[in-house]
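**Student:** let me see the structure of the following:
(2 chains)
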Amino acid sequence: MKLDVRSLRTFSRLAHTGAERAAGSLSTMTGIETYVDVTKVELCSREAVARRFQEQDLVSVKIGFDGGLEGTTVLAFPRDGAADLVETLMPGAGAEPGGDLAVSSLKEVGNIMIGGFIDGWADYLETTIDISTPTYVDVDGHEPLTAVDHGTEDQVLVFRNQLDSANDSANFYLYMAPTAGALDTIVSADGGADAVPLETFTSFSGMIAEGAEQASEDITMMTSTPTEVDVSRLSFVPVEGVPMAVEDDRRTGVVLEFEGMPSGYIAILFDEDSAENVAASLLPGAAEDAGAEMQQSAIQEIGNIITSGFLDGWANTLETTIEISPPTFVDDLGPAIIDPLVTDLAQSQEFAFLIDSTIRTEDDEFTCDIYALPNEHELRQALEQLAPA
Amino acid sequence: MKVYTSEEPVRSGGRIKVGIADYAVGTGCALLVTSGLGSCVGVALYDADAGVGGLAHAMLPEYDGSGDEAKYVDSVVPALLREMESAGADRGRITAKLAGGSEMFEFTAERGSIGRRNVEAARRSLAAVGIDVEREDVGGGHGRSLELRVDSGALRVRSADRGETTL
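**Tutor:** Coordinates of the predicted model:
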């Protein structure tokens, strides 16, 4: 199957509109104002999706769909959020979160929200899509949850909508994973011109994963602290959605610009504790009284190394040279750091390819988030060149 | 198609989140909040007599003729104003406060500073509809988060290491 940027835009809008319908249904049911924060079209490994559910301790309602379009949708809540929601809908039932009442109440929420979500896709494709009976899945249960239970490919395309309530009481996710055949249906409905085979995106995604592994090895070597890649994914997001993908807390790190084919920006960010800890591991012995200046230069140094490790693989695979600017030190609110980078890209593109990777130590001594934002047109050209003729 | 725009009715209380490339209007004791302004600019409008407030978070200075009007300063200002007027505000009484438009990084020079251009576009767009800018906290090299209290018109500006100021 093939994918083109126009189809990705269509996917993103359909998923967003569908998620808005779903949010509207929930608002009507519960009286809690709910809205869609970010809609991402993500290409990631099946295993990464499953791991995210495990780590975030999500309970979910899974519904399959077939007919005009085939795949799976999952509505996933953090455990506490699910209990609160159930309590709002059915006072008393939230006290026993895994109980029959709570489960049936969540299934009902899933049914209504996912029904609304799928309707939008059916309208667009002018077809009928049937949805299955909801199943309740608990990560603690016997059945390991995968949002994607069809096909055999390792890399899957999922639509991930983050929903929030106005009072922050319920933050949850609506996933949709169409089958490869279903994606073909949508791409064809949209014209499908200038499409790049999905395999090209997959190999780019694999390259990002390798870049993250290289960066992780470099950090391990520099800090003498074992690290591993926690997340590595490629997503397609409306430009204004990118800063919302970053937590609204203070972050310390570096921002760099890269020039070449593609050009773009990269931000390497640490939370405050991580920044201190990573600088301390880099400057052993001088940690306590190292001073802000030394911490800053340590962070810049690590940012430089990570960026090289991260981007070298791209340059090799894309058979190009990528020049990296000197790192600019940043210490600010996370979304405000990303905002100027996205704003610059927004002058020439409506959607962005967002690459985000997280590297962490086993004991959470430090966590490092890497965000890369290549220029959309240039990345597409580079991918087209990669695609077999 | 509008993406990331809160198409909610005007609310008279509670916390209303304004996303990026988004705007919202509130009345009564509503609190309009937006976060993570870097080079983006926040435009807060307020009519004390009517008790109507509005907040926009725009990314780029000028509307390019397509796409979402909430993304651009010069198209979101009239849109916000229209929504405030339909909620009972009077253009003659509305005052404005601006925040954001910082210049956090110096990248490839020819692209120019979007932060500064956003602030200039906001002043120009407000002047075009006869609205005075009462206070502003713009420029610099830091990010900001905003909270507009509709019952008082106070605009709280929070930054990572400069603490808070109220405009």
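
**Student:** what residues are up against B:Glu147?
**Tutor:** With Cβ atoms under 8 Å, 6 or more residues apart in numbering or on different chains as the criterion, the residues that contact B:Glu147 are B:31-33, B:155-156, B:158. C-beta here means a position set from N, CA and C on the backbone, and glycine is covered the same way.

**Student:** closest to chain A out of those residues?
**Tutor:** Sorting the contacts of B:Glu147 by how near they are to chain A, with Cβ to the nearest Cβ, puts B:Arg158 at the top with 8.2 Å.

**Student:** picking up where we left off before, export the contacts of B:Glu147 as CSV, with columns for neighbour count, distance to A:Tyr175 and secondary structure.
**Tutor:** CSV is the format used below for the contacts of B:Glu147 (neighbours: other Cβ atoms under 10 Å in any protein chain shown; distance: Cβ to Cβ, whole Å; DSSP: H, G, I helix; E, B strand; the rest coil):
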residue, neighbour count, distance to A:Tyr175, secondary structure
B:Leu31, 18, 31, strand
B:Leu32, 26, 31, strand
B:Val33, 19, 28, strand
B:Leu155, 26, 38, strand
B:Arg156, 16, 36, strand
B:Arg158, 18, 33, strand
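
**Student:** go through those and name the one nearest A:Trp314.
**Tutor:** Ranking the contacts of B:Glu147 by separation from A:Trp314, with Cβ to Cβ as the measure, puts B:Arg158 on top at 36.6 Å.

**Student:** residue ranges with poor pLDDT in chain B?
**Tutor:** Applying pLDDT under 70 to chain B flags residues B:1-9, B:108-112.

**Student:** what does the stretch 101-250 of chain A give?
**Tutor:** Along the stretch 101-250 of chain A, the model assigns pLDDT under 70 to residues A:139-155, A:166-170, A:189-195.

**Student:** what ranges do the helices span in it?
**Tutor:** A:180-189, A:198-223 (DSSP state H, counting those that start in this stretch).

**Student:** just say which of those is most tucked in.
**Tutor:** Mean neighbour count (mean count of other Cβ atoms under 10 Å in any protein chain shown) peaks for helix A:198-223 among the helices of the stretch 101-250 of chain A, with a mean of 20.

**Student:** so who does the closest residue to A:Gln56 other than its chain neighbours touch?
**Tutor:** By the measure of Cβ to Cβ, 6 or more residues apart in numbering or on different chains, the closest residue to A:Gln56 outside its immediate chain neighbours is A:Pro78, 6.3 Å from it. With contacts defined as Cβ under 8 Å, 6+ apart, the neighbours of A:Pro78 are A:56-58, A:171-172.

**Student:** what helix or strand is the spatially most central residue of chain B on?
**Tutor:** What sits nearest the mean C-alpha location of chain B, by Cα atoms, centre = their mean, is B:Val43, with 2.2 Å. Secondary structure assignment for B:Val43, by DSSP states H and E: strand B:41-47.

**Student:** and the very next helix or strand once past that strand, which strands flank it?
**Tutor:** Next in sequence after strand B:41-47, counting helices and strands by DSSP H and E, comes strand B:52-58. Partner strands and pairing direction for strand B:52-58 (DSSP bridges) are strand B:22-27 (antiparallel), strand B:41-47 (antiparallel).

**Student:** of all the helices of the stretch 101-250 of chain A, which lies closest to A:Ile114?
**Tutor:** helix A:180-189 (15.4 Å).

**Student:** what's around residue 165, how many residues?
**Tutor:** Chain wasn't specified; assuming chain A. In terms of burial, A:Ser165 registers 21 neighbours under the definition other Cβ atoms under 10 Å in any protein chain shown.

**Student:** my bad, the chain I had in mind was chain B
**Tutor:** Neighbours of B:Thr165 using other Cβ under 10 Å come to 14.

**Student:** quick one: it from chain A, how far?
**Tutor:** 15 Å (Cβ to the nearest Cβ, to the nearest Å).

**Student:** skip the chain neighbours and tell me the closest residue to that residue.
**Tutor:** Beyond its immediate neighbours in the sequence, the residue positioned closest to B:Thr165 (Cβ to Cβ, 6+ apart) is B:Val157, lying 5.1 Å away.

**Student:** check contacts around the one you found.
**Tutor:** Contacts of B:Val157 were listed using Cβ under 8 Å, 6+ apart, and they are B:99, B:137, B:144-146, B:164-167.

**Student:** could I get the full set of strands for chain B?
**Tutor:** If DSSP state E is used as the criterion, the strands of chain B fall at B:15-17, B:22-27, B:31-37, B:41-47, B:52-58, B:95-100, B:132-138, B:144-149, B:155-158, B:164-166.

**Student:** winner for burial among the ones you listed?
**Tutor:** Mean neighbour count, computed with mean count of other Cβ under 10 Å, is highest for strand B:52-58 among these, reaching a mean of 30.

**Student:** what inclination does that strand have with respect to strand B:95-100?
**Tutor:** The directions of strand B:52-58 and strand B:95-100 differ by 30 degrees, with axes from the mean of the first three to the mean of the last three Cα atoms, to 10 degrees as the criterion.

**Student:** before we move on, the earlier item: will you turn the strands of chain B into JSON lines that also has distance to A:Lys62?
**Tutor:** Output for the strands of chain B, formatted as JSON lines (distance: least, Cβ to Cβ, whole Å):
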{"stretch": "strand B:15-17", "distance to A:Lys62": "29"}
{"stretch": "strand B:22-27", "distance to A:Lys62": "31"}
{"stretch": "strand B:31-37", "distance to A:Lys62": "33"}
{"stretch": "strand B:41-47", "distance to A:Lys62": "40"}
{"stretch": "strand B:52-58", "distance to A:Lys62": "35"}
{"stretch": "strand B:95-100", "distance to A:Lys62": "42"}
{"stretch": "strand B:132-138", "distance to A:Lys62": "48"}
{"stretch": "strand B:144-149", "distance to A:Lys62": "36"}
{"stretch": "strand B:155-158", "distance to A:Lys62": "40"}
{"stretch": "strand B:164-166", "distance to A:Lys62": "44"}
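
**Student:** which residues of chain B lie near chain A?
**Tutor:** By Cβ under 8 Å from any Cβ of the partner chain, the part of chain B that sits against chain A consists of B:1, B:3-4, B:6, B:8, B:14-17, B:19-22, B:35-40, B:59-60, B:67-68, B:71, B:102, B:104-108, B:111, B:114-115, B:142-145, B:159-161.
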